[in-house]
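Novice: test case, fold it:
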Amino acid sequence: MRGTSRGSLGSGTPLSVEWLAQVNSSTQVAFVVAACLILLLPVLLPAGTRGAVKAPLVFLIIAVLLMFAHTLDEPGRIEREPLRITAIFFLGLSCARSFFLILLHSVVTKMLGGDVPRIVRDLIQALLYTGVVFNTLRSAGVELGSLLTTSALLTAVIGLSLQDTLGNLFAGLAIQAQRPFRVGDWIQFDDIEAHIGQVVEMNWRAVKVLTLDEVEIMVPNGTLAKAALRNFTLPTAIARRHAYVEAPYGESPEKIMPELLEGLRSVEGVIWEPEPTVIVLEFNERGVRYEVRYYIDDFERREQIGGAVPERLWYALQRLCI
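Specialist: Below is the predicted model of the structure:
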């Protein structure tokens, strides 16, 4: 009888097993793989990231419910095939997300060392999710080969319209591979000093730079790839700065230069390893022009230090009655 078939399968098989028996073998294997990956996540993930297990678990639960609804033996009550395709989609999302988390924290992190750049994470996720979409379309009976062939013109149009976007994407990958700077570094990408800033974020499209004026600048990756970048943080945080003073011809450099160096000693932020130096830069109608070269290791305070240095140099010249 029909009522009997809903409660059991053949000779009393429970309904909880009946729906699974109606699923093809490859999908059954996918369910098992998804469940095993979720069980591995708490073991392989670092302690602070174990909350990420929720997403693949929710995807798997949705896939189970949809596949169960698909196997209900009541024709006409629900559209069965869309449920199956949707279940396969969420099953693929669960496997892809779990695999991404394991790959990210067990392989990529060890290869790159430390925190994985956002652009690398986004690219890996995009590739995995693209694979899920292709698998879902194939399960729905879509011939991917013919689909790609017939959409060649559309692909060309999209490629041309996304030329700048794709250029920024590949430029971002090149930046991540070469690593000319990291988040937290102070960089300069053009000749405008007001654009010097600290890198606060790097993504697939642009790099976010925060200047001392608290102005946020989004610099496209393509612009950075073509620029002559200056990194004031690497290879070390030490940066050389300059100050200029002029003294009359009547005062000898031998007398003025030691006094200028002594004036730097009271400036907080000026380091003495390497030691500051003073050189005669030029002679002009006003006198002898000196260049004071000093070093700092806190680039964020460069303006405060740069303002204190001329003040101390003025006092040094006053002591010489200049």
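Novice: run a quick neighbour tally on Ala243.
Specialist: 19 (other CB atoms under 10 Å). Every residue, glycine included, has its C-beta placed from N, CA and C.
Novice: any idea how far Pro180 is from Ile85?
Specialist: 45 Å (CB to CB, to the nearest Å).
Novice: now whatever helix or strand Gln176 lives in - C-alpha only, CSV.
Specialist: Counting by DSSP states H and E, the element that carries Gln176 is helix 163-178. In CSV, the C-alpha atoms belonging to helix 163-178 read as follows (Å, rounded to 0.1, in the frame of the first residue of the first chain):
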residue,chain,number,x,y,z
GLN,A,163,39.6,45.4,-18.5
ASP,A,164,40.6,47.8,-15.8
THR,A,165,39.1,45.5,-13.1
LEU,A,166,41.0,42.5,-14.3
GLY,A,167,44.2,44.6,-14.7
ASN,A,168,43.9,45.6,-11.0
LEU,A,169,43.3,42.0,-10.1
PHE,A,170,46.4,40.7,-11.7
ALA,A,171,48.4,43.7,-10.5
GLY,A,172,47.2,42.9,-7.0
LEU,A,173,48.4,39.3,-7.4
ALA,A,174,51.8,40.6,-8.6
ILE,A,175,52.0,42.9,-5.6
GLN,A,176,51.2,40.0,-3.3
ALA,A,177,53.8,37.8,-4.9
GLN,A,178,56.6,40.4,-4.8
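Novice: for that helix, give the mean pLDDT please.
Specialist: Average pLDDT, helix 163-178: 79.
Novice: what helices or strands is it leaning on?
Specialist: Judged by 3 or more CB pairs under 8 Å, 6 or more residues apart in numbering; DSSP states H and E, helix 163-178 is in contact with helix 118-139, strand 197-202, strand 216-220, helix 221-226.
Novice: same thing but 7 Å
Specialist: helix 118-139, helix 221-226 (3 or more CB pairs under 7 Å, 6 or more residues apart in numbering; DSSP states H and E).
Novice: now tell me what touches that helix from outside.
Specialist: Pro117, Ile119, Val120, Trp204, Arg205, Ala206, Pro220, Asn221, Gly222, Leu224, Ala225 (CB atoms under 7 Å, 6 or more residues apart in numbering).
Novice: low-confidence ranges in this structure?
Specialist: Confidence mapping of the chain against pLDDT under 70 gives the ranges 1-24, 48, 50, 73-80, 107-117, 143-162.
Novice: which parts of it are strands?
Specialist: 8-9, 13-14, 186-188, 197-202, 206-211, 216-220, 230-231, 239-247, 270-271, 277-284, 287-296 (DSSP state E).
Novice: let's have those in CSV, adding distance to Ser106.
Specialist: Shown next, in CSV, are the strands of the chain (distance: least, CB to CB, whole Å):
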stretch, distance to Ser106
strand 8-9, 40
strand 13-14, 38
strand 186-188, 32
strand 197-202, 23
strand 206-211, 28
strand 216-220, 33
strand 230-231, 31
strand 239-247, 38
strand 270-271, 41
strand 277-284, 51
strand 287-296, 41
